[in-house]
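A.B. asks: what follows is a predicted structure for the sequence shown.
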Amino acid sequence: MYAVIKVAGKQHRVEKGRWFLVDQPEGQELTAEVLLVADGKKVTLGKDAAKATVKLSKTGTVRIRGERSMKFKPKEARSSKRILGYRRTLVKVTCDSISL
């Protein structure tokens, strides 16, 4: 059994016991919108899937830094340059259960 959920503006395919990374501040509460639930041969979409519940939990204080997103800005008429960038903090989330 698996489900497709929408968390923090991105869609994730989740199964019981599997983890995924979310780009969301650790202090915020997780809200998941269920888009699809598949159980063997039966696939549930739309309003019926919205009735399903997916329990998510953050795994302690595990935080992972994402890939670097760098921008290079050369300055005109000077021999200097400026590099801007940041690394997103990703939170590890585990799917505890999926129920229809």
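C.D. replies: Okay, I see it.
A.B. asks: now do the SS call for T59.
C.D. replies: With DSSP: H, G, I helix; E, B strand; the rest coil as the basis, T59 sits in strand.
A.B. asks: how many other residues sit next to it?
C.D. replies: Applying other Cβ atoms under 10 Å, we find 10 residues neighbouring T59. (Glycine included, C-beta is placed from N, CA and C.)
A.B. asks: now the lowest-mean-pLDDT helix or strand in the chain: buried residues?
C.D. replies: Lowest by mean pLDDT, DSSP states H and E among the helices and strands of the chain is strand 53-74, with a mean of 74. Neighbour-count burial for strand 53-74, counted by 16 or more other Cβ atoms under 10 Å, picks out V54, L56, K58.
A.B. asks: need the contact list for the spatially most central residue of the chain.
C.D. replies: Closest to where the C-alpha atoms of the chain average out (Cα atoms, centre = their mean) is V22, at 3.0 Å. V22 is in contact with V7, A8, K10, L30, L90, V91, K92, V93, counting by Cβ atoms under 8 Å, 6 or more residues apart in numbering.
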